[in-house]
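Asks: predicted model follows, preceded by the sequence.
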Amino acid sequence: MSDVQRFLDRLTERNAQRAASQGPEPTWIAARRQAGAARFEALGFPNRRVEAWKYTDVRAIASADFRLATDAEFSPATAAALTLPVAAHRLTFVDGVFSASLSQLDDLPQGVQLMPLSQALEDNHEAVGGPLGRLTGVEFSPFSALNTAFMEEGAVLRLAAGTVVEKPIILQFLSRAHDAAVMSHPRILVEAGSRSEATLIEHHIGEDAAANFTNLVEEIMLDRGAILTHYKLQEAPLSDMHVASIHVEQGRDSRFTSFNLNLGGGLVRNDLVTELNGQGAEANFNGLFYGQGRQHVDNHTLANHNAPRTFSNENYKGILDDRAHGVFNGKVVVKRDSQQIEGFQSNANLLLSDRAHIDTKPELEIYADDVKCSHGTTTGQLDEEAVFALRTRGIDEQTARGLLTLAFAGEVLEQVTLDAVSERVELAVAGKLPERFNLAGLVETAVALGEG
Amino acid sequence: MLEVKDLHVTVEGSEILKGLSLTIKAGEVHALMGPNGAGKSTLSAVIAGKEGYEVTQGSITFEGKDVLEMEIEERAQAGLLLGFQYPVEIPGVKNIYLLKAALNAQRAARGEAEIAAPEFLKLIKDQLAFMKMDGSFLQRAVNQGFSGGEKKRNEILQMLVLQPKLAMLDEIDSGLDIDAMRVVAEGINSLRSADRGILLVTHYQRLLDFVVPDKVHVLVDGRIVKSGDAQLAHELEARGYDWLLEESAA
């Protein structure tokens, strides 16, 4: 049986189960499911001859036989230990299945609708059917087609005009260790009304031995003046595989700030795309990835300047150790007549081992003349003068290198406004450094000092 | 405590130090003066272990141990600390990390346990106040975006926290306005003690009005050509270096 057929068979099986238990679906969903399946069948899994997948081999996904989880059982104690310790509105999914008991939805402020996708479909499927798929269609990639074929759970967030949400909203995805691995296809829809403001955290984490596949599609629509800070905190187990596309549409004067913090996952591919459609719209893409062992982390970003006076700013940093492989592909496209654009992009990478590897490719496509754009990429080792300066203070060479590595990550983390996230990531980076560096204690001191 | 004997140092093939000898005892403050290009900074760089300096002859011992055989960090751990003329900016490394890592490295080398967090914080806060530095400075990256004066104060702060046995300060007075000079000088004076040696490397006599040295040496063309007490510095201020250059050439 071909790889594609095996996935399609799972889909047929699932559709039959669902029909038996829930009856027929709204026709638009069934139609899109079919379109997704047809598109996926036509495309197949991407191979490395396809430019967008040149450096990322997905055979580990294609060749596996993933089941679909049917329950959301998870030890509350384990969940509590994994959960980001911040007061938040929270939706939790276990292998893609919604867990009401691990969610926190009771004190949603006025103007905020936050619910699992299944609930949103049940309440008013037509209100979902309009926006869903508008940004990420089945054409985007074989994985977006696959997601559309399988979609049934995920999250819907709607912010009424002028709503400011103080507490962050967390979408927590827990991955369980199974004898037979599972897959999930979460679908997230965010509609932020004009001048609304919120922080959304997508958090992927799980049990150490988990080896599941998550294929996520997220569509975010920002109305005029809306401000959204989006975190993707990737702490999935090291055997988990993860493909995600996040597609943003920005209206006039809106601001989208992304923190893509990638620590976990064995095979991770992120596509982050923003459409800057209204004047004054601004997108900030901040990224930090740390790969070790045989981790593979691929970040593709795209900023489409479709309107004049739009701004994009990108800063991605990678730290790669052991035999880890990183990919960065950042593209800025300025449409014809989109004047007075500013688009800046930078990618810096630090290789801690001879066998670590990065493929980095910044791309600018500019069809207007009044623009300010720049891009740059560096890959290298640590500043030897700084290593020397630290050693003259009695700090041994390994610790000095550890400190400087932490500092490299710090340049992204200092942009993070949510302390709980920046401290967690900084600690994780300190902890991931070879043990002899033993920097975790230092970070704790600095945190204590900041609080004291 | 520090004994430099007949030191010859070559940088990129040319000899900079040509038989320098210097002995510093505990409790003494020495000033090493000299015109530009005499090799003043070379001495402290060699003692600190900077790369690119080749010792072709002579020896440096510190408390009887061969300094040239020690790793860079071992020298600092043993109590030899250099304050840089141009302190290096280290983006992203917070001052607090540097100070704590350095202090603990020193303690570990002495077989002591790591310093407890409250004790460390108190120590740091006291020294910061002494150097008239703001607490927020601890969370800032080492020297990044610091003014010249802030960088130099930071070097002294590190000395105050690490309490070296021998503090070497390379042109610590350059780029300081008079207020910063006073703070830095007060810092240096507070380091003076019966069991510590201090070596000030300086071009001008200015700093020596605030920190009065026990001994002054004049370095010309890689050798110490004259030694004396604080009075010698005043003489240099009045007469410049030329008379010594002529004397040494003769």
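Replies: On my side now, so go ahead. These numbers were taken from a predicted model, which means no experiment stands behind them.
Asks: count of neighbours near residue 226?
Replies: Let's take chain A. By the criterion of other CB atoms under 10 Å in any protein chain shown, A:A226 has 29 neighbours. Placement of C-beta: from N, CA and C, glycine included.
Asks: could you do chain B instead?
Replies: Here the number of neighbours of B:K226 (other CB under 10 Å) works out to 18.
Asks: host element of it?
Replies: strand B:223-228 (DSSP states H and E).
Asks: list of residues touching that strand?
Replies: Contact with strand B:223-228 is made by B:17-22, B:215-219, B:232, B:235, B:244, B:247-248, as judged by CB atoms under 8 Å, 6 or more residues apart in numbering or on different chains.
Asks: with stretch B:179-199 instead?
Replies: For stretch B:179-199, the surrounding residues in contact (CB under 8 Å, 6+ apart) are B:1-2, B:24-32, B:44, B:130-132, B:149, B:152-153, B:156-157, B:159-160, B:163-169, B:172-173, B:176, B:200, B:206-207, B:210-211.
Asks: buried subset of the residues you listed?
Replies: Taking 16 or more other CB atoms under 10 Å in any protein chain shown as the criterion, what is buried in the contacts of stretch B:179-199 is B:1-2, B:24, B:28-32, B:44, B:131, B:149, B:152-153, B:156-157, B:159-160, B:164-169, B:172-173, B:176, B:200, B:206-207, B:211.
Asks: and the residue in chain B that chain A sits nearest to, what element?
Replies: Here the residue of chain B nearest chain A is B:G92; by CB to the nearest CB that distance is 2.7 Å. Assigned by DSSP H and E, B:G92 belongs to strand B:90-94.
Asks: nearest residue to the residue of chain B closest to chain A in space, please, no chain neighbours.
Replies: Using CB to CB, 6 or more residues apart in numbering or on different chains and skipping the chain neighbours, the partner closest in space to B:G92 is A:A407 (2.7 Å).
Asks: thinking again about what came up before, give me the helices and strands touching the strand holding B:G92, please.
Replies: Packed against strand B:90-94 by the contact rule (3 or more CB pairs under 8 Å, 6 or more residues apart in numbering or on different chains; DSSP states H and E) you find helix A:384-391, helix A:397-413, strand B:141-142.
Asks: any low-confidence regions in the chain?
Replies: Defaulting to chain A. Along chain A, segments meeting pLDDT under 70 span A:432-452.
Asks: let's do chain B instead
Replies: B:249-250.
Asks: can you list the residues of it near chain A?
Replies: Listed as neighbours of chain A in chain B under the rule CB under 8 Å from any CB of the partner chain: B:48-51, B:71-73, B:75-77, B:81-82, B:84, B:87-88, B:90-94, B:96-98, B:100-102, B:105-106, B:109, B:114, B:117, B:120-121, B:138-139, B:141-142, B:158, B:162.
Asks: now a PyMOL select for only the buried ones of those residues.
Replies: Of those, the buried ones go into a single PyMOL selection, burial set by 16+ other CB under 10 Å:
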select buried, chain B and resi 48+49+50+72+73+75+76+77+81+82+84+87+88+90+91+92+93+94+96+97+98+100+101+102+105+106+109+120+121+138+141+142+158+162
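Asks: filter the residues of chain B next to chain A down to just the ones in strands.
Replies: For these, membership in strands holds for B:L81, B:L82, B:I90, B:P91, B:G92, B:V93, B:K94, B:A141, B:V142, with DSSP state E as the criterion.
Asks: one step back: got the angle between the strand holding B:G92 and helix A:384-391?
Replies: Counting by axes from the mean of the first three to the mean of the last three CA atoms, to 10 degrees, strand B:90-94 lies at 40 degrees to helix A:384-391.
Asks: got the angle for strand B:90-94 vs helix A:397-413?
Replies: Between strand B:90-94 and helix A:397-413, the angle comes out at 90 degrees (the same axes, to 10 degrees).
Asks: pull up the pairing partners for strand B:90-94, direction included.
Replies: Strand B:90-94 pairs in its sheet with strand B:141-142 (antiparallel), by DSSP bridges.
Asks: just checking, the residue nearest to B:G92 touches B:E89?
Replies: No: A:A407 is beyond contact range of B:E89, at 11.0 Å (criterion: CB atoms under 8 Å).
Asks: and the contacts of strand B:223-228, which are buried?
Replies: Buried subset of the contacts of strand B:223-228 (neighbour count, 16+ other CB under 10 Å): B:L17, B:K18, B:L20, B:L22, B:K215, B:V216, B:H217, B:V218, B:L219, B:L232, B:E235, B:L244.
Asks: could I get the residues you listed in JSON lines, plus columns for secondary structure?
Replies: Converted to JSON lines, the buried ones among the contacts of strand B:223-228 look like this (DSSP: H, G, I helix; E, B strand; the rest coil):
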{"residue": "B:L17", "secondary structure": "strand"}
{"residue": "B:K18", "secondary structure": "strand"}
{"residue": "B:L20", "secondary structure": "strand"}
{"residue": "B:L22", "secondary structure": "strand"}
{"residue": "B:K215", "secondary structure": "strand"}
{"residue": "B:V216", "secondary structure": "strand"}
{"residue": "B:H217", "secondary structure": "strand"}
{"residue": "B:V218", "secondary structure": "strand"}
{"residue": "B:L219", "secondary structure": "strand"}
{"residue": "B:L232", "secondary structure": "helix"}
{"residue": "B:E235", "secondary structure": "helix"}
{"residue": "B:L244", "secondary structure": "helix"}
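Asks: nearest residue to residue 216 other than its sequence neighbours?
Replies: As the question left the chain open, I've gone with chain A. A:A244 (4.1 Å).
Asks: actually chain B
Replies: Leaving aside its sequence neighbours, B:V216 sits nearest to B:L232 (CB to CB, 6+ apart; 4.3 Å).
Asks: which residue packs closest to A:A409, ignoring adjacent ones?
Replies: Nearest non-adjacent residue to A:A409, counting by CB to CB, 6+ apart: A:V429, 4.7 Å away.
Asks: ok, A:V387 next?
Replies: A:V387's closest residue in space is A:A400 (CB to CB, 6+ apart), at 5.0 Å.
Asks: what number of residues lie near that neighbour?
Replies: When neighbours are counted by other CB under 10 Å, A:A400 registers 27.
Asks: is it true that A:R393 lies in a strand?
Replies: No: counting by three-state DSSP, one finds A:R393 to be coil, located in no strand.
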